[in-house]
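S.K.: when you get a sec, could you give me coordinates for this:
(chains A and B)
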2 protein chains.
Amino acid sequence: MGGDHGPSVTIPAALAFLKHEPDAELILVGLEDQVRAELKKHHAADNPRVKVHNATEVVAMDDPVEVALRRKKDSSMRVAIELVKEGQARACVSAGNTGALMAISRYVLKTMADVDRPAICSILPNMKGGPTYMLDLGANVDCEPHHLHQFAIMGAVLFEAMEHRRPSIGLLNVGTEEIKGNEVVKATAPLLRADHERGKLNFYGNVEGNDIFKGTVDVVVCDGFVGNVTLKAIEGVSRFFKSVFMETTMSKLGALLARKSLKKLNPESYNGAGLLGLKGLVFKSHGGASAFAFEWAIKRAYNAAQYNVQEQLSAMIAELMPRTPDSQAPGSTIQQG
Amino acid sequence: MGGDHGPSVTIPAALAFLKHEPDAELILVGLEDQVRAELKKHHAADNPRVKVHNATEVVAMDDPVEVALRRKKDSSMRVAIELVKEGQARACVSAGNTGALMAISRYVLKTMADVDRPAICSILPNMKGGPTYMLDLGANVDCEPHHLHQFAIMGAVLFEAMEHRRPSIGLLNVGTEEIKGNEVVKATAPLLRADHERGKLNFYGNVEGNDIFKGTVDVVVCDGFVGNVTLKAIEGVSRFFKSVFMETTMSKLGALLARKSLKKLNPESYNGAGLLGLKGLVFKSHGGASAFAFEWAIKRAYNAAQYNVQEQLSAMIAELMPRTPDSQAPGSTIQQG
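M.R.: Have a look, this model is predicted:
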């Protein structure tokens, strides 16, 4: 039901996904009438690999987290997450309200043992042709060094499980030298360096904003404030570029000629951010995602389930995650809209 | 002498600037032989509006701030700033090491009364066709609410003096609602809101990363960590776009057709960041600036001198700037590379 467009985007995406993944099955959770009507429109009312699961409420994109969590107990979002908890689904994908998705996921699934705060991990394209994983993207706006340390471990585990190679980790900073940075980042580097020396993490060191796209490292670690602002600024520049190409006939023609190369930059195929540190797989699609982009988010969740990301996360976190005194600290804030 | 290319870029830029500004005069500060040789190469050895001022040392792009400040006392950077202090120059422009430029400027010129920490204010293009001023861009990585408050005032004064209209101010955040943000940002909003209610500032409220390019507000306020990372991420995306256009013959042709529209995005004409809160005008060019871009930085400094930005800053800061208890606090760190 979620996202800016609802079932008119999510259902065609789901059907396209099933066409490309012949072994996959989907449970569509939402207002049953609407979902079935949309399926019928696409001549898929009887698709044997689609189950429709009714939910009587929908979390709106601008619902406060409290409303989504406390008042809409039969929302499509909550019911979908409960299906993961009950083991009826191996992963949940939503294009809805990020803050609500994180809050409900934490409430229903609970946080993994040894994880202080779940984080949101996005995937961006880089100039080397590979993906750059970046976290946190907005779940945690005030972080301590041990939180960034945990994000690094969770990001590394997700990357290795999804991409089948050991990632290098960079700490997002204002310069590459060790003396640079704010107090939190300066105190985080030694924690990551120590893990590197023990062979637990492949810590590259500090990276700067432009390294995200250079592909200097595989996983970029930052707090949720910096991550959210940076990601949205990147989206803003990209939209600016697009708008400039739509200005004149000449620029439109230019964009047409360059379209094959421009595809590299297409953020649509990088849709699908992982909510990490929960006792279950939840993926977040961009709210404005097209059907093509939403299909990518489903595919990412499907791959995560196939590659047993949840089990790998559990095992590796148990091995790697440092125990911290404030595992139950109430300081975590869920804030992304 | 500064920047990635030194006099081979800065001197052609200086000469082009003089051609476009028939009333301007320039003092070129640097290794005299090199500067004169470059002038000669451009048939400008006898230009009556160019003075060459010798300096025996050069701050390298990777010199630690301490080396630049304590050991290179006759550097071109320091001598140029001293000319501003002595009133021989009305503004200084450098493409050199940002950290060194800020440190030497603070040491030589001193901070203005009532200003806790100078800030770096960059200018970015936006989709409305206007400039977006953004500060701080890296001088202050750990900020308290009253620092952000002061940045807002300094940015507003610079904008009004340079653009001849009263700017709207936005506080960079992870969402637009008042309850969003990290602790520092949440405590800053009421300070700006109070100035707004007293008619001192035109405070719009919180803005998000994508608002920088939307042109939602004229001045975007953030701490130096967030500003530096965001700006470099933006540069990274832009470089990624450029590289994609250079990939194939088709994409090159596309870029050629769209070049008129793409000019809007050209960061070169937005070169020239102001160091605000010092007793003198200092502008920072991007280190990798082309001659065209460096000319823009000179032009910006020239306009700031013409429009009496320094005097306006003094007057308006005396009127607007809240007195804070820690005016002499040692917490300020200069860190941008």
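S.K.: contacts, neighbours, all on C-alpha from now
M.R.: OK.
S.K.: mind listing the helices for the stretch 101-250 of chain A?
M.R.: Taking DSSP state H, counting those that start in this stretch as the criterion, the stretch 101-250 of chain A contains helices spanning A:145-163, A:183-197, A:211-214, A:224-245, A:249-257.
S.K.: tabulate the CA atom coordinates of the longest one in CSV.
M.R.: Output of helix A:224-245 as CSV, limited to C-alpha atoms (Å, rounded to 0.1, in the frame of the first residue of the first chain):
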residue,chain,number,x,y,z
GLY,A,224,22.1,9.0,10.7
PHE,A,225,22.1,12.8,10.6
VAL,A,226,25.0,13.1,8.3
GLY,A,227,23.8,10.1,6.2
ASN,A,228,20.3,11.4,5.8
VAL,A,229,21.4,14.9,4.8
THR,A,230,24.0,13.6,2.4
LEU,A,231,21.7,11.2,0.7
LYS,A,232,19.0,13.8,0.3
ALA,A,233,21.5,16.3,-1.0
ILE,A,234,22.7,13.7,-3.6
GLU,A,235,19.1,13.1,-4.6
GLY,A,236,18.7,16.9,-4.9
VAL,A,237,21.7,17.3,-7.3
SER,A,238,20.5,14.3,-9.3
ARG,A,239,17.0,15.9,-9.7
PHE,A,240,18.7,19.2,-10.7
PHE,A,241,20.6,17.4,-13.4
LYS,A,242,17.5,15.7,-14.7
SER,A,243,15.5,19.0,-14.7
VAL,A,244,18.3,20.7,-16.7
PHE,A,245,18.1,18.0,-19.4
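S.K.: pLDDT (mean, whole number) over it?
M.R.: Confidence for helix A:224-245, expressed as mean pLDDT, is 88.
S.K.: next, the angle helix B:249-257 makes with it.
M.R.: With axes from the mean of the first three to the mean of the last three Cα atoms, to 10 degrees as the criterion, the two stretches helix A:224-245 and helix B:249-257 enclose an angle of 80 degrees.
S.K.: what's the answer for the last one, then?
M.R.: Angle, helix A:249-257 to helix B:249-257, by the same axes, to 10 degrees: 160 degrees.
S.K.: tell me the mean pLDDT for helix A:249-257?
M.R.: Per-residue confidence for helix A:249-257 averages out to 75 on the pLDDT scale.
S.K.: how distant is the next helix or strand after it from the center of its chain?
M.R.: If you walk from helix A:249-257 toward the C-terminus, the next helix or strand you reach (DSSP states H and E) is helix A:259-262. Once both centres are worked out by Cα atoms, centre = their mean, to the nearest Å, helix A:259-262 turns out to sit 25 Å from its chain's centre.
S.K.: any chance of the helices of the stretch 101-250 of chain A in CSV, plus mean neighbour count?
M.R.: Written out in CSV, the entries for these read as follows (neighbours: other Cα atoms under 10 Å in any protein chain shown):
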stretch, mean neighbour count
helix A:145-163, 23
helix A:183-197, 17
helix A:211-214, 24
helix A:224-245, 22
helix A:249-257, 19
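S.K.: where does the stretch 151-300 of chain A have low pLDDT?
M.R.: When the per-residue scores of the stretch 151-300 of chain A are filtered using pLDDT under 70, the ranges that remain are A:264-267.
S.K.: in CSV: the helices of the stretch 101-250 of chain A, plus distance to residue B:169.
M.R.: What follows is the helices of the stretch 101-250 of chain A, written out as CSV (distance: least, Cα to Cα, whole Å):
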stretch, distance to residue B:169
helix A:145-163, 31
helix A:183-197, 27
helix A:211-214, 28
helix A:224-245, 17
helix A:249-257, 33
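S.K.: could I get those as a markdown table with distance to chain B?
M.R.: Compiled in a markdown table, the helices of the stretch 101-250 of chain A are given as follows (distance: least, Cα to the nearest Cα, whole Å):
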| stretch | distance to chain B |
| --- | --- |
| helix A:145-163 | 15 |
| helix A:183-197 | 7 |
| helix A:211-214 | 6 |
| helix A:224-245 | 4 |
| helix A:249-257 | 3 |
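S.K.: so which of those is nearest residue B:142?
M.R.: Proximity to residue B:142, assessed across the helices of the stretch 101-250 of chain A by Cα to Cα, is greatest for helix A:183-197 (7.1 Å).
S.K.: quick one: the closest one to helix A:145-163, angle?
M.R.: If you take the same axes, to 10 degrees, helix A:183-197 sits at 50 degrees to helix A:145-163.
S.K.: now do helix A:183-197: which elements does it pack against?
M.R.: Helix A:183-197 sits against helix A:145-163, strand A:203-207, with contacts defined as 3 or more Cα pairs under 8 Å, 6 or more residues apart in numbering or on different chains; DSSP states H and E.
S.K.: phi and psi next, for the residue sitting nearest the centre point of chain A.
M.R.: Centre of chain A computed as the mean C-alpha position; nearest residue by Cα atoms, centre = their mean is residue A:273, 1.3 Å away. Backbone torsions for residue A:273, taken as degrees, to the nearest 10, come to phi -90, psi 140.
S.K.: sorry, back to before: among the helices and strands packed on helix A:183-197, which is nearest residue A:262?
M.R.: With Cα to Cα as the measure, helix A:145-163 is the member of the helices and strands packed on helix A:183-197 nearest residue A:262 (23.3 Å).
S.K.: just checking, what packs against that closest one?
M.R.: The contact analysis (3+ Cα pairs under 8 Å, 6+ apart) places helix A:145-163 against strand A:131-135, helix A:183-197, strand A:219-221, helix A:291-306, helix A:309-320.
S.K.: tell me what angle it forms with strand A:131-135.
M.R.: Calculated by the same axes, to 10 degrees, helix A:145-163 forms an angle of 150 degrees with strand A:131-135.
S.K.: and helix A:145-163 with helix A:309-320, angle?
M.R.: With the same axes, to 10 degrees as the basis, helix A:145-163 and helix A:309-320 are set at 140 degrees to each other.
S.K.: may I have helix A:145-163 as PDB, with CA atoms only?
M.R.: Listed next in PDB are the C-alpha coordinates belonging to helix A:145-163 (Å, rounded to 0.1, in the frame of the first residue of the first chain):
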ATOM      1  CA  PRO A 145      31.400   5.900  18.900                       C
ATOM      2  CA  HIS A 146      30.200   2.400  19.800                       C
ATOM      3  CA  HIS A 147      27.100   3.000  17.700                       C
ATOM      4  CA  LEU A 148      29.200   3.800  14.600                       C
ATOM      5  CA  HIS A 149      31.300   0.800  15.400                       C
ATOM      6  CA  GLN A 150      28.200  -1.400  15.400                       C
ATOM      7  CA  PHE A 151      27.000   0.100  12.100                       C
ATOM      8  CA  ALA A 152      30.400  -0.800  10.600                       C
ATOM      9  CA  ILE A 153      30.100  -4.400  11.600                       C
ATOM     10  CA  MET A 154      26.500  -4.700  10.400                       C
ATOM     11  CA  GLY A 155      27.300  -3.000   7.100                       C
ATOM     12  CA  ALA A 156      30.200  -5.300   6.600                       C
ATOM     13  CA  VAL A 157      28.200  -8.400   7.200                       C
ATOM     14  CA  LEU A 158      25.400  -7.300   4.900                       C
ATOM     15  CA  PHE A 159      27.900  -6.400   2.100                       C
ATOM     16  CA  GLU A 160      29.700  -9.800   2.400                       C
ATOM     17  CA  ALA A 161      26.500 -11.800   2.400                       C
ATOM     18  CA  MET A 162      25.000  -9.900  -0.500                       C
ATOM     19  CA  GLU A 163      28.100  -9.300  -2.700                       C
END
